[in-house]
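# Predicted model follows, preceded by the sequence.
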Amino acid sequence: MLLIQNAKVLTVTNGTFPKGDILIDGGKIIRVAEKIDPPAGAELLDACGRWVMPGMIDCHTHLGLDELYHWDDINELNEMGDPITPALRCVDGFYADDPAVMDALAAGVTSVIVHTGSIQVISGQSASYKLIPCKETSKMVLNPCVGIKGGFGGTPKRFYCKLHKIPSTRMGEAAVMRQALADAVAYRDGWRPEGDGLWEQEEKLKALQPLINGQTPWRVHVYKLHDIYTCMRIAEEFGIRMVLEHGGESPMIAKQLAEKNIYVTVGPSGFIGSVKPETFYPVIEHVQELEDAGVIFSFQTDHPIITVASLPQAVAMLVRNGLDEGVALKALTINAAIIMGEEKRLGSIEPGKDADLVIATGSIFDHQTFVDQVLINGETVFDRLTANA
């Protein structure tokens, strides 16, 4: 049992305690209050003068698949010969000992979604992780299939055009996606494929069942408005849920997205400038429009495009330019937990939730702030004094 005392506690969902205590037991938050009498035998942690907030969540990374410092040598993102590979599981390529894990913890990021790539229309099964320092993937996994990942628009068509095969156009992308979903629906309803490659075909069809049954969303890399509309049409035709990855021109239709309960993850273009024509729209400058419309959105690094460790500093640029700190913090915590599907466990400091906490010297958006300590499941996974020893 651990009692954190005398901290400025940012609960996110229930306001801020200028000076409060947090009681933790069994890896869970038991109580949050202005003053908690220490239970017998509890370990005491005096956080006087420090801020405590929920661990931040990066909703779009390739951590452990594109290993930091080995980008050209280790890339587990795409099996590029086939535009439809839903049976690929990111957990089977994830490198748990990626050095980016400790870098992320030092910045206060405690959980991530790791995606397969965006060259394919469907590239595989994304997974969510707690960044528990270890060498075994299974000890970190929150959900081995948090979504079916894929790309739409310029990225897939540029690649397959070079191969002289479908999908070399946006029309081809839509046709390939519809065919995959139609086959999955037919499989659900009793149809079975015949001929060569039967096992591989069935594995694809089985892997798509959680998508067409609404158990997991299509997490689609998309930027341009007309591509977003195409994805929305396909999603409505097949009754599937969708998350827009990168945001792109999504603020242009923020009200529609809110009405349809479509989530958005924003970045990294805008944090690093435009890297291709699709990314010219300054989505970062329009996140307030998403907030005003009621869209649930979060931020992403697309690690290693920018590193997970840079997430709070990247968002701090928006705060410096006028984005409300509360909106920014909500996006990095409870909104991200909702997009991850873990809002009952993560994203705020509330009784019953996992004790994934960041103890810092001040606001995470202040460039002079240091993260002193990070807890996951109530256990210290990063301590600045130890790290600098």
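Thanks, I have the structure now. Numbers count the residues shown, from 1 in each chain.
# switch to C-alpha atoms for all contacts and neighbour counts from now on
Noted.
# so the nearest residue to P54 once chain neighbours are set aside bridges to which residues?
With sequence-adjacent residues excluded and distances taken as C-alpha to C-alpha, 6 or more residues apart in numbering, P54 is closest to L357, at 4.7 Å. When assigned by DSSP bridges, L357 has beta-bridge partners P54, L375.
# per-residue confidence at I234?
Reading off the confidence values, I234 has pLDDT 98.
# So which bits of the strand or helix carrying H226 are buried?
Element membership for H226 (DSSP states H and E) is helix 225-238. By neighbour count on 16 or more other C-alpha atoms under 10 Å, the buried set for helix 225-238 is 225, 227-228, 230-232, 234-235, 238.
# Dump those into CSV; add distance to T301 as well.
Formatted as CSV, the buried residues of helix 225-238 follow (distance: C-alpha to C-alpha, whole Å):
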residue, distance to T301
L225, 21
D227, 22
I228, 20
T230, 25
C231, 23
M232, 24
I234, 27
A235, 25
F238, 30
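# Strands of the stretch 151-300 of the chain, residue ranges please.
Along the stretch 151-300 of the chain, the segments classed as strands by DSSP state E, counting those that start in this stretch run 218-221, 242-246, 263-266, 297-299.
# G81: how many residues sit nearby?
Neighbour count for G81, taken as other C-alpha atoms under 10 Å: 13.
# Please disregard the earlier target; I meant G347.
G347 has 31 nearby residues by other C-alpha under 10 Å.
# Need the per-residue pLDDT for P282.
Per the predicted model, pLDDT is 85 at P282.
# now the nearest residue to it once chain neighbours are set aside: how far from G108?
Distances taken as C-alpha to C-alpha, 6+ apart place G270 nearest to P282, at 6.0 Å, with adjacent residues excluded. As defined by C-alpha to C-alpha, to the nearest Å, G270 lies at a distance of 22 Å from G108.
# So those two - more neighbours on which side?
More crowded of G270 and G108, by other C-alpha under 10 Å: G108, with 31 against 19.
# these two touch, right, the more buried one and M53?
No. Assessed by C-alpha atoms under 8 Å, G108 is found out of contact with M53, at 9.2 Å.
# Show me the common contact partners of the two, please.
V358 (C-alpha atoms under 8 Å, 6 or more residues apart in numbering).
# Run through who's touching stretch 334-353.
10-13, 28-32, 53-59, 113, 128, 146, 243, 263, 296-299, 333, 354-356.
# From what I see, the residue nearest to P282 and V283 are in contact.
Yes. If you go by C-alpha under 8 Å, G270 and V283 touch, sitting 6.8 Å apart.
# Could you measure from the closest residue to G172 other than its chain neighbours over to I272?
Distances taken as C-alpha to C-alpha, 6+ apart place I166 nearest to G172, at 6.0 Å, with adjacent residues excluded. Relative to I272, I166 is positioned 32 Å away (C-alpha to C-alpha).
# and what of G195?
For G195 relative to I272 (C-alpha to C-alpha), the value is 48 Å.
# more crowded one of these two?
More crowded of G195 and I272, by other C-alpha under 10 Å: I272, with 12 against 7.
# Phi, psi for the more buried one please.
phi -120, psi 0 (degrees, to the nearest 10).
# Can you give me the buried ones in the lengthiest helix in the chain?
Counting by DSSP state H, the longest helix found in the chain is helix 170-188. Within helix 170-188, the residues that qualify as buried by neighbour count (16+ other C-alpha under 10 Å) are 170, 172-174, 176-178, 180-185, 187-188.
# what does it rub up against?
Counting by C-alpha under 8 Å, 6+ apart, residues outside helix 170-188 touching it are 83-84, 121-122, 152-154, 156-157, 166-167, 205-206, 208-209, 212, 230, 234, 238.
# how about a cut-off of 7 Å?
121, 152-153, 157, 166-167, 205, 208-209, 212 (C-alpha atoms under 7 Å, 6 or more residues apart in numbering).
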